[in-house]
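Peer 1: got a predicted structure plus its sequence, pasted below:
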Amino acid sequence: GSPYRARSPHAGDPRLIALEPLAMEGWVGREWLDRVLTGREKGGALEQAWEGFQTVADEVQRQRLRAFSEANAYWLDDYALFSALHTFYQDRSWWQWPEGERDRLPEAMARARQAHQKRIDYIRFEQYLFFSQWQALKRYANDKGVLLFGDMPIFVAHDSAEVWARRGMFLLDEQGQPTVVAGVPPDYFSETGQRWGNPLYDWEQMEGDDFAFWTQRIKTQLALFDLIRIDHFRGFDAYWEIPAEEGSAVNGRWVKAPGERLFNTLHRIYDPLPLVAEDLGIITPEVEALRDRFDLPGMKILQFAFSGDHDNPYLPERHGENAVVYTGTHDNDTTLGWYRSLDERGRELVRMVIGESQEPMPWPLVRTALASTARMAILPMQDLLALGSEDRMNVPGTTEGNWLWRFRWEQVDQGLVGHMRSLVEEAGRHCDTQSNGP
């Protein structure tokens with residue numbers, strides 16, 4: 001479930017496709033709506049929808065599918081073939097495929113496209129459904145004054161369509177294996193750092209292609225979101241390079257990246273850049289200069305504010321306007337879980353910064369976030385529901401039990417909406433739907 005393990009940095013997850021609209025079109029039987037729509041059953045329903053589409057769709061609907069496929073061919077063609085082959089080879093990673101498909105030899109590719117054409121067409125249809133439904137949702141949200149804020153990992157998965165199709169853009173050996181991998185050095189989250197294992201970019205090759213890989217990624221994401229947070233922004237100034245044979249991130253090194261030239265290219269297309277910089281961790285003056293050069297908001301995490309240091313950049317009085325404030329991120333414990341883990345000295349530091357409160361945590365920190373001078377405040381759902389550590393989203397540096405959390409409707413108090421509306425109005429916050437920025 002990790003964003004760093006997706007099969008494509010462009011494609012949507014078919015499990016998010018709603019069946020009700022497909023039943024209304026007559027493409028899928030309504031009996032599917034009464035079943036548990038997960039795993040294989042959802043896939044079966046979508047395959048039935050594809051058969052129904054081919055049988056009853058009118059020419060306008062067929063033209064929409066063709067137009068979508070043509071407009072997204074820059075990623076969809078490779079992804080559809082990659083997914084078809086992945087299924088055919090029983091989900092083995094692409095470097096375990098026969099040499100022809102592994103190395104995309106022309107004759108092998110021609111045979112594969114012919115042999116798997118039906119599956120390729122179905123996968124295109126899946127993505128058409130996903131993007132059509134998502135964009136309908138986005139239009140509805142925007143019309144209600146709600147912006148969608150997306151999140152984009154800096155790196156992509158080794159076993160992904162993009163790495164398979166563009167091996168020259170990554171630091172790989174002749175067998176398609178990374179020679180070096182991504183991660184971060186020891187920090188607040190992990191004493192041994194984090195060895196993410198994603199292949200690193202060959203920035204020289206990317207720059208020679210005028211950063212088409214990145215302009216295409218941003219294009220796809222902006223079809224889904226109004227604003228995008230780029231994870232691990234400091235990697236655009238310098239990234240932590242770990243030899244692939246190393247089992248941890250300790251023995252890595254910093255390598256410079258052409259961030260300024262990349263963002264100059266993106267800025268020629270998008271002005272202003274609809275991006276937020278995840279600028280946490282080991283941040284240097286060079287990283288800050290890159291962020292500020294393109295006027296990108298950074299992140300302020302309140303859980304990091306209570307160290308007792310007067311120059312702590314996460315203290316509420318040091319936020320500034322061009323920032324996004326969070327109580328905590330997906331990598332933090334929930335605010336309630338975090339507070340419970342503090343010793344008495346830690347809780348005293350919290351009180352010294354935000355004052356005494358009669359409200360239980362997490363509400364004092366929620367109020368502090370909303371009162372920040374930062375132009376946008378982000379409150380994790382776990383904090384709005386006052387949940388503890390058992391509902392944490394992710395523990396960095398670990399591989400088990402993450403990215404599984406889902407809220408349940410019975411957890412949502414009936415008075416929560418009204419309470420949040422009062423807090424937002426009290427803080428004077430609103431959403432500007434005419435702005436491309438936060």
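Peer 2: Cool, got the structure. This one's a predicted model, so the numbers in the text were calculated from it and none came from an experiment.

Peer 1: report the separation between Val250 and Gly193.
Peer 2: 6 Å (CB to CB, to the nearest Å). The C-beta positions use only the backbone N, C-alpha and C, and glycine is treated the same way.

Peer 1: neighbour count winner among the two?
Peer 2: Set Val250 next to Gly193 and count neighbours by other CB atoms under 10 Å: Gly193 wins out with 21 against 14.

Peer 1: quick check: the more buried one touching Trp240?
Peer 2: Yes - at 7.5 Å, Gly193 counts as touching Trp240 under the criterion of CB atoms under 8 Å.

Peer 1: find residues that contact each of the two.
Peer 2: Counting by CB atoms under 8 Å, 6 or more residues apart in numbering, the contacts common to Gly193 and Trp240 are 183-185, 249, 252.

Peer 1: helix, strand or coil for the nearest residue to Val56 once chain neighbours are set aside?
Peer 2: Closest residue to Val56 apart from its sequence neighbours, by CB to CB, 6 or more residues apart in numbering: Gly26 at 5.4 Å. Following DSSP: H, G, I helix; E, B strand; the rest coil, Gly26 is assigned to coil.

Peer 1: same question for Ala182.
Peer 2: Applying three-state DSSP: Ala182 is strand.

Peer 1: do you know how far it is from Gly281?
Peer 2: Ala182 is 13 Å from Gly281, by CB to CB.

Peer 1: pLDDT score for Leu37?
Peer 2: Note for Leu37: predicted pLDDT of 57.

Peer 1: what of Pro186?
Peer 2: For Pro186, the predicted pLDDT is 86.

Peer 1: which ones are touching it?
Peer 2: For Pro186, counting by CB under 8 Å, 6+ apart, the contacting residues are 192-193, 249-250.

Peer 1: closest one of those residues to Tyr79?
Peer 2: Taking CB to CB as the measure, Ala249 is the one of the contacts of Pro186 closest to Tyr79, at 29.9 Å.

Peer 1: quick one: neighbours of the closest one, just the number.
Peer 2: By other CB under 10 Å, 23 other residues sit near Ala249.

Peer 1: check the one 4 residues further on too.
Peer 2: If you count neighbours by other CB under 10 Å, Arg253 ends up with 12.

Peer 1: again, but for the one 4 residues further on
Peer 2: Neighbour count of Ala257, defined by other CB under 10 Å: 20.

Peer 1: what about it, distance to Leu200?
Peer 2: Distance from Ala257 to Leu200, by CB to CB: 10 Å.

Peer 1: and if you look at Leu290?
Peer 2: Between Leu290 and Leu200 the computed distance is 18 Å (CB to CB).

Peer 1: make TSV from the contacts of Pro186 and add pLDDT, secondary structure and distance to Gln61 to it.
Peer 2: Listed next are the contacts of Pro186 as TSV, based on pLDDT from 0 to 100; DSSP: H, G, I helix; E, B strand; the rest coil; distance: CB to CB, whole Å:
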residue	pLDDT	secondary structure	distance to Gln61
Thr192	88	coil	53
Gly193	89	coil	51
Ala249	95	coil	49
Val250	95	coil	55
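
Peer 1: does the residue nearest to Leu342 when sequence neighbours are not counted sit in a helix, a strand or a coil?
Peer 2: In space, and not counting its chain neighbours, Leu342 is closest to Val350: 7.1 Å by CB to CB, 6+ apart. At Val350, secondary structure determined by three-state DSSP is helix.

Peer 1: ok, which stretches of the stretch 1-150 of the chain are helices?
Peer 2: Ranges of helices in the stretch 1-150 of the chain, per DSSP state H, counting those that start in this stretch, are 20-24, 39-56, 59-71, 73-88, 99-102, 106-115, 117-143.

Peer 1: how far off centre is the helix or strand encompassing Glu425?
Peer 2: Element membership for Glu425, per DSSP states H and E: helix 416-427. When distances are taken as CA atoms, centre = their mean, to the nearest Å, helix 416-427 is centred 27 Å away from the chain's centroid.

Peer 1: again, but for stretch 105-115
Peer 2: On CA atoms, centre = their mean, the centre of stretch 105-115 falls 32 Å from that of its chain.

Peer 1: and stretch 357-372, by the same measure?
Peer 2: With CA atoms, centre = their mean as the basis, the mean position of stretch 357-372 lies at 27 Å from the chain mean.

Peer 1: buried residues of it, list them for me.
Peer 2: 361-372 (16 or more other CB atoms under 10 Å).

Peer 1: now, among the residues you listed, which is nearest to Asp103?
Peer 2: Closest to Asp103, out of all of these and judged by CB to CB, is Ala369, at 50.3 Å.

Peer 1: quick one: the closest one from Thr335, how far?
Peer 2: Where Thr335 is concerned, Ala369 sits at a distance of 9 Å (CB to CB).

Peer 1: show residues contacting the lowest-mean-pLDDT helix or strand in the chain.
Peer 2: Lowest by mean pLDDT, DSSP states H and E among the helices and strands of the chain is helix 39-56, with a mean of 86. By CB under 8 Å, 6+ apart, the residues outside helix 39-56 that reach it are 14-15, 17, 19, 22, 25-29, 32, 35, 37, 61, 65, 121-122, 125-126, 129.

Peer 1: could I get that helix in CSV with only the CA atoms?
Peer 2: As requested, C-alpha coordinates have been extracted for helix 39-56 and formatted as CSV (Å, rounded to 0.1, in the frame of the first residue of the first chain):
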residue,chain,number,x,y,z
GLY,A,39,-10.2,-8.1,-4.2
ARG,A,40,-11.1,-10.5,-6.9
GLU,A,41,-14.8,-9.7,-6.8
LYS,A,42,-14.2,-6.1,-7.7
GLY,A,43,-12.0,-7.2,-10.5
GLY,A,44,-14.7,-9.6,-11.8
ALA,A,45,-17.3,-6.8,-11.7
LEU,A,46,-15.0,-4.5,-13.7
GLU,A,47,-14.4,-7.2,-16.3
GLN,A,48,-18.1,-7.7,-16.6
ALA,A,49,-18.5,-3.9,-17.0
TRP,A,50,-16.0,-4.1,-19.9
GLU,A,51,-18.0,-6.8,-21.6
GLY,A,52,-21.2,-4.7,-21.0
PHE,A,53,-19.5,-1.6,-22.4
GLN,A,54,-18.5,-3.4,-25.6
THR,A,55,-22.1,-4.6,-26.0
VAL,A,56,-24.2,-1.6,-25.2
